[in-house]
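# Have a look at this fold, sequence not included:
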């Protein structure tokens, strides 16, 4: 059995304030007539003949300047729901990277720099940290130079076009988890709930790497994913991992998302739903804070591999992502042609082996 609470406060002059479980309402009236505004937003007009028990009630719902749309069960939202979870994260990257000489050399210097950064944060080890950084600057910097033939230059230019296109999105998110919703009432009618965080694309490489070309990277909190001409390099904390592009699968798709945050300027809003929906897909009137939410048609990109990479992102501009899909088809076509031969040549040099002493 549910509980109910109701209290009426008479303010005089025919005015009353009504307190209930649903919220606060008010009414005004005289004998034979009363106008009531309920906590849920309804307007109720009561006409009666005093002393007879005869009355007539006319009730109207709160008007809305937006259309009530049907539930979209294919959409996603950000509501957290307990259930079986899909994690979009990469595994076994250390195993994949152990035979990659490029990643091995970068990791050696990166760990040294990582230790120096920690020491520089502590007063009593600051001098040692600065000495290590000076040592890296003088003897440990990596020269990562790329020399292209016409074929590999075309592949690099296509990759660069993809990155510059994606930078034009007003917002980009990395999707971390996805959960299938058991109760659509509390998920705005969305079939799945996801967790995500904003990511950005910037140009540049770590300070201890010199390169002769533009290299861009995706920033996801402390993790940076560098998009070099022939491989991705992932730096997170003290770890350096990665994979060559010919081990990856790419997929561009549409992602319908119920947006509870501000809608990006370049997003396409295709419909609306309610924060809490009833069985027919309309607003559940039991919730006084129920509000309409836009359903955005975002672009999506996933990068996967049989070895364990599982990366998924959302992008605000679906038209840009459609164009990215066209460029990715060209990029994959070039990768497939390259699998039998190496068309990117790199000149990997260290100014001085770390174990050597200067003569």
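Structure received. Keep in mind the model is a prediction, meaning the values are calculated, not measured.

# burial measure for residue 236, as a count.
Look at residue 236: counted by other CB atoms under 10 Å, it has 14 neighbours. For every residue, glycine as well, the C-beta is placed using N, CA and C.

# Please apply the same query to residue 193.
Residue 193 has 22 neighbouring residues, counting by other CB under 10 Å.

# And the one 5 residues further on, by the same measure?
Other residues within reach of residue 198 by the criterion other CB under 10 Å amount to 13.

# quick one: pLDDT of it?
pLDDT, residue 198: 95.

# what's across from the nearest residue to it once chain neighbours are set aside in the sheet?
Residue nearest to residue 198 in three dimensions, not counting chain neighbours: residue 173, with 5.8 Å by CB to CB, 6 or more residues apart in numbering. Judged by DSSP bridges, the bridge partners of residue 173 are residue 198, residue 314.

# Let me see the contact set for residue 106.
142, 209, 233, 240 (CB atoms under 8 Å, 6 or more residues apart in numbering).

# What separation do you get for the second one and residue 249?
What that stands for is residue 209. From residue 209 across to residue 249, the span is 28 Å (CB to CB, to the nearest Å).

# Who has more neighbours out of the two?
A count of neighbours by other CB under 10 Å puts residue 209 above the other of residue 209 and residue 249, at 18 against 11.

# So which residues of the stretch 251-359 of the chain form strands?
269-274, 292-304, 310-315, 344-350 (DSSP state E, counting those that start in this stretch).

# The stretch 51-200 of the chain too?
Along the stretch 51-200 of the chain, the stretches classed as strands by DSSP E, counting those that start in this stretch are 54-60, 76-77, 85-87, 142-148, 172-180, 192-198, 200-203.

# related to what we said a few turns ago, so among the contacts of residue 106, which ones count as buried?
The neighbour-count criterion (16 or more other CB atoms under 10 Å) marks 142, 209, 233, 240 among the contacts of residue 106 as buried.

# for the stretch 101-250 of the chain, what spans make up the helices?
101-120, 126-135, 150-167 (DSSP state H, counting those that start in this stretch).

# Including mean pLDDT and distance to residue 42, could those go into a markdown table?
Below are the helices of the stretch 101-250 of the chain laid out as a markdown table (pLDDT from 0 to 100; distance: least, CB to CB, whole Å):
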| stretch | mean pLDDT | distance to residue 42 |
| --- | --- | --- |
| helix 101-120 | 91 | 61 |
| helix 126-135 | 93 | 67 |
| helix 150-167 | 93 | 48 |
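
# Which of those helices sits closest to residue 36?
Nearest of the helices of the stretch 101-250 of the chain to residue 36, taken as CB to CB: helix 150-167 at 55.0 Å.

# for the closest one, the distance to its chain's centre please.
24 Å (CA atoms, centre = their mean, to the nearest Å).

# by contact count, what packs against that helix?
strand 200-203, strand 216-220, helix 318-338, strand 344-350 (3 or more CB pairs under 8 Å, 6 or more residues apart in numbering; DSSP states H and E).

# which residues touch residue 205?
Residues in contact with residue 205, defined by CB under 8 Å, 6+ apart, are 144, 211, 215, 217, 226.

# Low-confidence stretches in the stretch 201-350 of the chain?
Counting by pLDDT under 70, the stretch 201-350 of the chain contains low-confidence ranges at 338-350.

# give me that answer again for 80
277-285, 287-289, 306-308, 337-350 (pLDDT under 80).

# Could you export the contacts of residue 106 to a markdown table, including columns for distance to residue 299?
Output for those, formatted as a markdown table (distance: CB to CB, whole Å):
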| residue | distance to residue 299 |
| --- | --- |
| 142 | 35 |
| 209 | 31 |
| 233 | 25 |
| 240 | 30 |
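
# From those residues, pick the one nearest residue 266.
Checking the contacts of residue 106 one by one against residue 266 (CB to CB), the nearest turns out to be residue 233, at 29.4 Å.
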